[in-house]
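1. Sharing a sequence plus its predicted fold:
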Amino acid sequence: MKTLYARLFQNYWSPYLVMALAGLFSAFYFGITGTVWAVTGEFTRLAGHAMALFGADVSDWSYFKLIGMKGTTFTRTDGWIVWGMFAGALIMVLLNNNFKIRTPRQKRRWAQGFAGGIVAGFGARLALGCNLAAFFTGVPQFSLHAWIFMVATAGGTFLGAKLVAAAWWKGKPVVTKGAIARKAAKPSNVQPVLGAVAAVAYAGLIAYLFASGHRMLGVAALFGALFGILIERGQICFTSAFRDLWISGRATMTKAIIVGMAVSSVATLAVILINGMEPITKIAALSTLVGGLLFGIGIVMAGGCETGMMYRLMEGQIVFLPVFIGNVIGAGALAYAWDHMGVYDTLVASGSKINLIDVLGSGGALAATLIVLAAGFAIAAYWQKHYRFKNGFKKGDNAHAAKTTAVR
Amino acid sequence: MPQKQPPSVDFTLDVRGESCPYPVIYTLETLQQLQKGQLLQVVADCPASLRNVPEEVVKHGYVLEREPEKDGRELYFYIRA
């Protein structure tokens, strides 16, 4: 019992397993509700509600008409996905006895996170989805826009990685001579107890939603929690899946996410064919490219995307609070710029909805998707093996630069 | 969990409070400045560091002197340059 608890809640799970499960669950969620696992659309609605609260009349903004503003966040499935993810992640952090207010030593991180959050929120909504709807759950819908977004995000993270590696951005770490004393105080068991209580309470809430006839909200609350549990337990970070390639050549997340998308593509196609559903296709346009680029830069600046920041915040990494607020502000700014500043006319109007199933047939769409994903996996594996910190693909003795440069 | 006496440490890098990617960047940069054979202690509390710091130092040719240690909510790494 104790070892099972330790395995489940005190150790992180394999990111490959986690992403495969997330891919499977997102296909189920689509089959049940007809919508995909996504978060930033709801962030935009939160921005809309906030603006309305301050007296703005957003009812005729075309972006809000496009994404729908009915009800409140607690009467929408998209809302429950977001709150469920926070709840699921928090429960896991508490069961792991790992909540701690983590305050960055570098004060500049606050401004960086806020700025990055705004850029990422704006970019994601410009492209009509973040790393979920325009990526992890967009590729399995065979929507071409997801592929454009992914490539653009990769480019954006390259620029972002250059920025955060600059001395003025990253700041200097604290290096001291010798060891530092450890505080060996054992943390109390309050958090796991709180976690168990929260888990029971949340399960009760889901049961209540079902019992009171709000079945779809119950489904969303359940799947939201499952997604939150998975991304926290797998420490899933879409930002690092790109960024770490450019920094130190780490591709663990990249490969895990690719595996998840492959699983999800097969499962989603099965759902589409069995249920006779239409895949969700979004506009592929210049806005997808620009949005992906901005999103890529923003998530690296912020240190996390709209998904990763959720469980990070629940772990007590409070620098992600300004990131969250920035995400909502950025999404709101895009909703304003959409029709008030001509964003739609210049970047979106010329685009079109293209789905691979329409172009290649369902078999062809799946085959093409899996082939490209496999190629991506192979490139990531090669990258991980050969790319090194500061040296890139150049061969060289990366270690012990001390031979030439003295310790600062 | 009480630990064995930590090995004799030459330098300590304290990245508590910092989130990804800074623990990895700082660790690799600091290791590049050490002499071969010197031992670096890294203290972190970003949960993702438990995985990405050991993976990256080993990949870059450094030696993880012992398994990463969890002390409460803090992580201790001992890395030989």
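-> In hand now; what should we look at? Numbers count the residues shown, from 1 in each chain, chains lettered A, B, ... in the order given.
2. for chain B, what are the nearby residues on the stretch 101-250 of chain A?
-> By the criterion of Cβ under 8 Å from any Cβ of the partner chain, the positions of the stretch 101-250 of chain A lying close to chain B are A:102-106, A:109, A:164-165, A:170, A:173-180, A:182-187, A:235, A:237, A:239-240, A:243-244, A:247-250. (C-beta placed from N, C-alpha, C; glycine too.)
3. right, and the helix or strand after the longest strand seen in chain A?
-> Ranked by number of residues, the top strand in chain A under DSSP state E is strand A:174-177. Moving toward the C-terminus from strand A:174-177, the first helix or strand encountered (DSSP states H and E) is helix A:190-211.
4. List the contacts of the residue nearest the centre of chain A.
-> Computing the C-alpha centroid of chain A and ranking residues by Cα atoms, centre = their mean puts residue A:307 first, at 3.0 Å. Contacts for residue A:307 (Cβ atoms under 8 Å, 6 or more residues apart in numbering or on different chains) come out as A:39, A:85, A:130-132, A:231, A:236, A:238.
5. Can you show me the strands along chain B?
-> B:11-14, B:39-44, B:63-64, B:69-71, B:74-80.
6. Could you tell me the least trusted of those strands?
-> Sorting the strands of chain B by mean pLDDT places strand B:69-71 lowest, at a mean of 89.
7. Listing partners with orientation, what would you give for that one?
-> The strands that strand B:69-71 pairs with in its sheet are strand B:74-80 (antiparallel) (by DSSP bridges).
8. The strand it pairs with vs strand B:39-44, what angle?
-> Here the directions of strand B:74-80 and strand B:39-44 differ by 160 degrees (axes from the mean of the first three to the mean of the last three Cα atoms, to 10 degrees).
9. Touching strand B:74-80 from outside, list them.
-> Strand B:74-80 is touched from outside by A:182, B:6-7, B:9, B:16, B:27, B:31, B:37-45, B:49-50, B:53-54, B:57, B:62-66, B:68-70, with contacts defined as Cβ under 8 Å, 6+ apart.
10. buried ones in it?
-> By neighbour count, and taking 16 or more other Cβ atoms under 10 Å in any protein chain shown as the criterion, the buried residues in strand B:74-80 are B:75-80.
11. Let me have these in TSV, adding distance to residue A:388 as columns.
-> Compiled in TSV, these are given as follows (distance: Cβ to Cβ, whole Å):
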residue	distance to residue A:388
B:75	24
B:76	25
B:77	19
B:78	22
B:79	16
B:80	18
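12. from those residues, which single one is nearest chain A?
-> residue B:76 (7.3 Å; Cβ to the nearest Cβ).
13. follow-up on the earlier one: ok, the longest strand of chain A: who's next to it in the sheet?
-> With DSSP bridges as the criterion, the sheet partners recorded for strand A:174-177 are strand B:11-14 (antiparallel).
14. out of the contacts of strand B:74-80, which are buried?
-> Buried positions within the contacts of strand B:74-80, assessed by neighbour count (16+ other Cβ under 10 Å), are A:182, B:6, B:9, B:16, B:27, B:31, B:38-45, B:49-50, B:53-54, B:57, B:62, B:68.
15. hmm, back to that, now the residues of the stretch 101-250 of chain A next to chain B: which count as buried?
-> The neighbour-count criterion (16+ other Cβ under 10 Å) marks A:102, A:104, A:106, A:109, A:164-165, A:170, A:173, A:175, A:179, A:182, A:235, A:237, A:239-240, A:243-244, A:247-250 among those as buried.
16. Show only the entries of those residues found in helices.
-> For these, the ones inside helices are A:109, A:164, A:170, A:239-240, A:243-244, A:247, with DSSP state H as the criterion.
17. Residue A:79: what's its closest spatial neighbour, skipping adjacent residues?
-> Leaving aside its sequence neighbours, residue A:79 sits nearest to residue A:73 (Cβ to Cβ, 6 or more residues apart in numbering or on different chains; 3.4 Å).
18. residues near that neighbour, how many?
-> 14 (other Cβ atoms under 10 Å in any protein chain shown).
19. any weak-confidence spans in chain B?
-> B:1-6 (pLDDT under 70).
20. now the helices for it?
-> B:22-33, B:49-59.
21. tell me the angle the shortest one makes with helix A:238-247.
-> Angle of helix B:49-59 versus helix A:238-247, following the same axes, to 10 degrees, is 20 degrees.
22. does chain A sit close to helix B:49-59?
-> Yes - using Cβ under 8 Å from any Cβ as the criterion, contacts between helix B:49-59 and chain A involve B:50-52, B:55-56, B:59.
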